[in-house]
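Novice: this one's sequence-less:
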């Protein structure tokens with residue numbers, strides 16, 4: 001008789017599923033597709049309409065009145081309307097939704113520049129209507145951690161757990177990030193964590209370049225107000241958008257960069273996103289090297 005699995009066993013099983021590429025569960029119970037196919041094959045097939053006798057015209061399809069008109073030689077044939085004559089219903093956008101463009105980006109820059117404090121920025125972001133992602137997200141995911149922290153992390157966008165709680169990096173990726181911080185002697189309360197995009201994209205899809213550009217002024221202002229000693233880009237997406245580089249994350253990670261806030265240069269570095277590390281555990285060694293560099297940089301500035 002097998003022993004009851006522990007929480008560690010279940011966590012190891014989930015890690016295996018992630019490593020194998022399983023990213024969602026469709027049903028609570030398994031479905032036997034072979035049985036479904038056999039049942040479908042056993043169902044009686046619909047009877048086909050009888051073929052017309054030789055020399056007999058098949059019955060015209062359509063309403064009874066139309067069939068009678070077509071069958072009568074004396075009745076005139078009704079002309080079918082051309083596509084241009086068909087009525088067209090007006091297309092109206094979904095209530096509250098707009099097509100984002102340059103105007104939305106300019107409005108975001110103005111709203112971000114108005115904020116004098118992080119609380120002002122959060123209020124302005126919550127009232128900003130230029131990004132349609134807010135219409136599908138449950139919560140605004142602004143930030144977590146210590147606003148006076150010397151170390152700031154910036155990811156790409158929140159996921160399902162983050163959207164539900166309104167906090168960044170609280171799911172499995174967040175738990176891994178917490179363990180990585182503990183490994184260098186830090187806690188979540190010692191750092192400040194945010195995302196480029198503060199609303200969860202539907203279905204956890206990647207934010208579009210336009211959505212990221214609209215949200216970019218807010219995260220830039222957030223970095224200016226926090227003013228950390230070290231800035232860490234979690235993943236290639238945030239590094240490309242904020243550091244202005246096109247290099248892939250494996251080529252970019254571990255290299256010191258300089259982030260310009262407009263008033264000073266902040267020491268910055270890119271590292272692998274915790275979600276990527278969950279899918280590719282062997283790369284944790286690279287992230288560990290990056291975190292040792294981050295710790296050394298903080299110690300130098302102490």
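Specialist: Everything's here; your move. Source: prediction; values computed, not measured.
Novice: burial count for residue 182?
Specialist: 11 (other C-beta atoms under 10 Å). For every residue, glycine as well, the C-beta is placed using N, CA and C.
Novice: what helix or strand is residue 245 on?
Specialist: Per DSSP states H and E, residue 245 falls between elements, in no helix or strand.
Novice: again with residue 144
Specialist: strand 143-145.
Novice: what stretches of the chain score poorly on pLDDT?
Specialist: The model of the chain has pLDDT under 70 over residues 1-3, 15-30, 46, 48-100.
Novice: Try it again at 50.
Specialist: Filtered on pLDDT under 50, the chain yields the residue ranges 1, 61-75, 88-96.
Novice: And the strands in it?
Specialist: Under the criterion DSSP state E, strands of the chain are mapped to 143-145, 151-155, 191-195, 230-234, 256-260, 265-271.
Novice: Dump those into a markdown table; add mean neighbour count as well.
Specialist: Formatted as a markdown table, the strands of the chain follow (neighbours: other C-beta atoms under 10 Å):
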| stretch | mean neighbour count |
| --- | --- |
| strand 143-145 | 21 |
| strand 151-155 | 26 |
| strand 191-195 | 24 |
| strand 230-234 | 25 |
| strand 256-260 | 14 |
| strand 265-271 | 21 |
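Novice: mind putting those strands in JSON lines, distance to residue 167 included?
Specialist: Output for those, formatted as JSON lines (distance: least, C-beta to C-beta, whole Å):
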{"stretch": "strand 143-145", "distance to residue 167": "5"}
{"stretch": "strand 151-155", "distance to residue 167": "12"}
{"stretch": "strand 191-195", "distance to residue 167": "8"}
{"stretch": "strand 230-234", "distance to residue 167": "15"}
{"stretch": "strand 256-260", "distance to residue 167": "24"}
{"stretch": "strand 265-271", "distance to residue 167": "21"}
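Novice: and residue 38, which of those strands is closest to it?
Specialist: strand 151-155 (47.4 Å; C-beta to C-beta).
Novice: For the stretch 151-300 of the chain, just list every one of the helices.
Specialist: For the stretch 151-300 of the chain, the helices defined by DSSP state H, counting those that start in this stretch occupy 160-165, 172-183, 209-226, 236-243, 249-252, 274-279, 284-300.
Novice: Out of the ones you listed, indicate the one that is most buried.
Specialist: The highest mean neighbour count among these, using mean count of other C-beta atoms under 10 Å, belongs to helix 236-243: a mean of 22.
Novice: and it, what does it pack onto?
Specialist: strand 151-155, helix 209-226, strand 230-234, helix 249-252, strand 256-260, strand 265-271 (3 or more C-beta pairs under 8 Å, 6 or more residues apart in numbering; DSSP states H and E).
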